[in-house]
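Sequence first, predicted coordinates after that:
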Amino acid sequence: MGSLDSYIPIFLLIVLGIAFAGLSFVGSRLLAPQRPTAAKEAPYECGIVPTHEPSSRFPVRFYLVAMIFIIFDIEVIFLFPWAVVFRQLHTFGLVEVLVFAAAVFVSFVYLISNGALDWGPIKRIRPVATADEVRTTASTVRRHGSPGASGEAA
Amino acid sequence: MKENPAALAPELALVVAAVVGAVASGWLPRRRQWAVRLLAAGACVGGLVATALAMLGPPERVFDGSYAIDPATNAARVVVLGAALVVIGLSAEPLRAHPHESEFYVLLLLASAGAIALVGADDLLTVFAAYLLASVPSYGLVGLLRDRTGSEASLKYYLLGALFGIVMLAGATVLVGLGATSSYPGLREALDSAPRAAVAFGAVCVTAGLLFKIGGVPAQFWVPDAVDGASVPAAAFVTTIPKIGGLGAAFRFFTEALPAGRVDWALLVAVTAACTMTLGNFAAFAQTRVKRLLAYSTIGQVGYLLMAVAVAGRNGLAQQALWYYLAAYTVTNLAAFAVVAELPAARTLSDYRGLAHHRPLLAGSLAVSLLGLVGTPPTALFVGKLEIFTAVIHGGYTWLAVLAILNTVASLYYYLRWLVPAFLHAPSPHPAVLSSGGTWSAATAYAAATATVILGVGAAAVLPLGAGHLLP
Amino acid sequence: MSIHPAVLAATIPDSITFAIAAAISVIGALGVVLSRNPVHSALMLVMTLFGVAVLFVEENAQFLAAVQVIVYAGAIVVLFLFVIMLLGVDRREVTERDPLRGQRAVALLLGILGLVEVILLAGGKWPTGAHSAAGAINVTGRSNVALLGDAVFTTYLLPFEITSALLVIAVIGAVVLARRPRQAGDREQPQIGGGDIITADVLGPDSLIRPEIEEATGSSDVHEELDKSSFERSDP
């Protein structure tokens, strides 16, 4: 085959990367003074002592975004061989890739119009009190600068 | 190279309508999603018109020979588009104003396009792409309501689909490796000199993937769970439209891609058919929930349909029998599901007590569809069964025909378990169980039941439409 | 069978590369199965995929190698990690008892059978000196990517365009299955994206509060209030 020669730079890069990481560890072990104390061993040397483990579960929305990323990733991958043979295919190739791109665009429009890419609390939303007067935002949410809030705080 | 997108007008109509529907769904308010339903129905009608025009033209191959437009493809278009119209009709009420109503129709259209593409595909890679196009939307359709049972059903359906998809792709890889081409005519030529064991391995793997689409043994596990867990419209969809595509694809694969006499696929399909019909019919005996009973009943029906595939290519009868039976099965099965959709609160067989007393017309439709599934004379499946049995006996599989007749007689038992309470028992003390789902599902049930009878009476006119040679 | 010395000499660098890449893939695969921590399994999978990418390069399938790294090692493993995070890393799988009786014995048996089959099939052509049944792909001297582009955009145009439809379906399916269904009344006012977080976590049950589009001025004010309320609620 012999085509592997062109991958020697990549191979060297991998070797360099591994060597850099390894040397850093070995170097710090050899050069740094080793006098551990309890404070130094702590995960965070400054700041608040953590009282509980952070929640390790992600909302499903992250998954959705990752999923959408893969879909667009695959779409981009297809453009690569197209670019290589573009000159032989002429208009025909342009038309077929435009059809393909239209599909990408449609899925994007669909995502945006369905709010799949919106994050965080909704803007432009107003809680409205309904027939149930006992527990609404009007009674439970403290209002900014309203007299009730300061009265409670005092 | 022959690229003629106009030749794919019915498929394109479905895809374009689906894309427009997907874009529109983001802006349509929830109560106005019927617009997408209308669009979907319009696409189906437009596709039917385009198919009628295509039927007048000569058969041709398009897209570099990877897609055949011949009598089988046109028959598939008619049956799939008709089935999609009926499913749209019976899903009007159950899904009205559901947050994902538009998406249901979008996925339905795309899956229908996939089912048609399965039949038309004349190339292993195209078949696999069509397999995905027909499968992936189905997983979404089954889980669309996002209730517990629906999600579970969707997951099971998806996992089995992924497994059989990989098996199918592995088989296709082996065949392409042996034949150095993926087009059916090329494979037929090249596989003649290839090692027999490798050809058999590839063929069996591809068949496994198609059996998953069809819901035949040993890939039938998803059927009861998916049908029972999904909403009625989704259940009606997965028990009809993918099967049309899978059976059409299997028929074409066996007759066009495999060299004659190289591998005895006919025996394999015959044994599969025998197992499928027997398992489906006998498992249906014990069912008490109507959707599960219908699920096992469809497995039984698939067994009969596979008989026609087993004798594919042996005589001209097999192809026309297959397509006629598919059309008849589709409309009859959908009539039964439309009745189920019309009575959303009735879930078990005993809930149907006294249906004839409350809703005589609906009970009549149920009787027509269930007796139709058995194969009682005036209905379409009677003619369909006659055609298939004749083709099978002519094809030299008399034992299979005898088994199928025994199965048919046995199947009467569980259909009657449903019908007898509906007609003979006193009305239930809780009439709310039989409350109506809405006018659309009722109308669909009446229309589909009527179509079953019309198709049976007018069989002589319809039968030749499924005949005609596949492209060599 | 014997190999000609000249052939052997020419293939020595390839053989070494193959051996290393194959070892990396197999070690990674074992790591996926044997790691106790699911995150480690996912990272081991990256190793396997990388090894396979090197094998692709060796087979002159550069495009596949790039896809392997970009899509599989890059994106799909990230997806796996998200799933692991979604289910919780802390959840331990009970591995003492099989969900299916005799599962491991059957798996072992099938594995051995498969291995025997592969060895039998490889038979006399063990050092991969045999030609593929399909013949060499690269006969014209054009690059692998150009050949692939030719195939995808001419011969397999239809499957390619079906793929674009599949990607649309994947997007719709992901939204339909993964996003919480819009709350009652939500679709009456489209464009309220992300409503799921607010209605479920901050605003509480539907019966109390109905989201409505703020038409009047002062919307930023409201935004602030909601943010505050989310802090206050999460406190107890």
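All right, it came through fine.

how close does the residue of chain A found nearest chain C get to chain B?
In chain A, the residue that lies nearest chain C is A:Gly115 (1.8 Å; C-beta to the nearest C-beta). In short, each C-beta sits where N, CA and C put it, glycine included. Look at A:Gly115 and chain B: by C-beta to the nearest C-beta, to the nearest Å, they are 8 Å apart.

where does B:Ala286 land in three-state SS?
coil (DSSP: H, G, I helix; E, B strand; the rest coil).

For it, grab phi and psi.
phi -90, psi 0 (degrees, to the nearest 10).

Quick one: list the elements packing against the lengthiest helix in chain C.
For chain C, the longest helix by residue count, based on DSSP state H, is helix C:5-34. For helix C:5-34, the packing partners by 3 or more C-beta pairs under 8 Å, 6 or more residues apart in numbering or on different chains; DSSP states H and E come out as helix C:38-58.

what about the residue in the stretch 251-400 of chain B that chain A sits nearest to, which helix or strand?
In the stretch 251-400 of chain B, no residue comes nearer to chain A than B:Arg252, which is 25.4 Å away by C-beta to the nearest C-beta. Assigned by DSSP states H and E, B:Arg252 belongs to helix B:241-252.

can you give me the strands for chain C?
C:209-210 (DSSP state E).

Pick out the residue of chain B closest to chain C.
B:Arg30 (3.1 Å).

burial count for that residue?
20 (other C-beta atoms under 10 Å in any protein chain shown).

circling back to that earlier point, what are the buried residues along the longest helix of chain C?
If you call a residue buried by 16 or more other C-beta atoms under 10 Å in any protein chain shown, then helix C:5-34 has these buried ones: C:Thr11, C:Asp14, C:Thr17, C:Phe18, C:Ala21, C:Ile24, C:Ser25, C:Gly28, C:Ala29, C:Gly31, C:Val32.

got the contact list for B:Ala426?
B:Arg353, B:Gly354, B:His357 (C-beta atoms under 8 Å, 6 or more residues apart in numbering or on different chains).

Next, work out how far apart A:Pro9 and A:Leu64 are.
Note on A:Pro9: its distance to A:Leu64, by C-beta to C-beta, to the nearest Å, is 38 Å.

same question, C:Ala66
26 Å.

Over to A:Gly17?
On the measure of C-beta to C-beta, A:Gly17 and A:Leu64 end up 33 Å apart.

How about C:His40?
Using C-beta to C-beta, which is the criterion applied here, C:His40 is 25 Å from A:Leu64.

Then B:Leu141?
Taking C-beta to C-beta, one finds B:Leu141 at 19 Å from A:Leu64.

now C:Met47
Taken as C-beta to C-beta, the span from C:Met47 to A:Leu64 is 27 Å.

of these two, who's got more company?
A:Leu64 (20 against 17).

domain assignment for chain C?
Following automatic domain parsing, chain C resolves into domains at C:5-93, C:143-178, C:195-211+C:218-234.

Tell me where chain A is predicted with low confidence.
Counting by pLDDT under 70, chain A contains low-confidence ranges at A:1-4, A:44-47, A:50, A:53-58, A:120-154.

need the contact list for B:Ser138.
Neighbours of B:Ser138 in contact, by C-beta under 8 Å, 6+ apart: B:Leu107, B:Ala111, B:Tyr157, B:Gly161, B:Phe237, B:Val238, B:Pro242.

If we use 7 Å, what do you get?
B:Ser138 is in contact with B:Ala111, B:Tyr157, B:Val238, B:Pro242, counting by C-beta atoms under 7 Å, 6 or more residues apart in numbering or on different chains.

If you tally nearby residues, what's the number for the residue nearest to B:Ala115 when sequence neighbours are not counted?
Spatially, and ignoring its direct neighbours in sequence, B:Ala115 is nearest to B:Gly245 (3.2 Å; C-beta to C-beta, 6 or more residues apart in numbering or on different chains). Residues within reach of B:Gly245, counting by other C-beta under 10 Å, total 32.

in the stretch 151-300 of chain B, what residue is nearest chain A?
B:Ser151 (12.5 Å).

May I see the buried residues of the helix or strand in which that residue is found?
With elements taken from DSSP H and E, the one containing B:Ser151 is helix B:148-179. Across helix B:148-179, burial judged by 16+ other C-beta under 10 Å covers B:150-158, B:160-161, B:164-165, B:167-172, B:174-176, B:178-179.

which helices and strands sit right next to that helix?
Counting by 3 or more C-beta pairs under 7 Å, 6 or more residues apart in numbering or on different chains; DSSP states H and E, the packing neighbours recorded for helix B:148-179 are helix B:124-142, helix B:184-190, helix B:196-214, helix B:222-229.

and the second one, average pLDDT?
Confidence over helix B:184-190 (mean pLDDT, whole number) is 90.

Please state the offset of that helix from the chain centre?
28 Å (C-alpha atoms, centre = their mean, to the nearest Å).

Over to the first one?
Centre-to-centre, helix B:124-142 and its host chain are 13 Å apart (C-alpha atoms, centre = their mean).

what's the angle between it and helix B:241-252?
160 degrees (axes from the mean of the first three to the mean of the last three C-alpha atoms, to 10 degrees).
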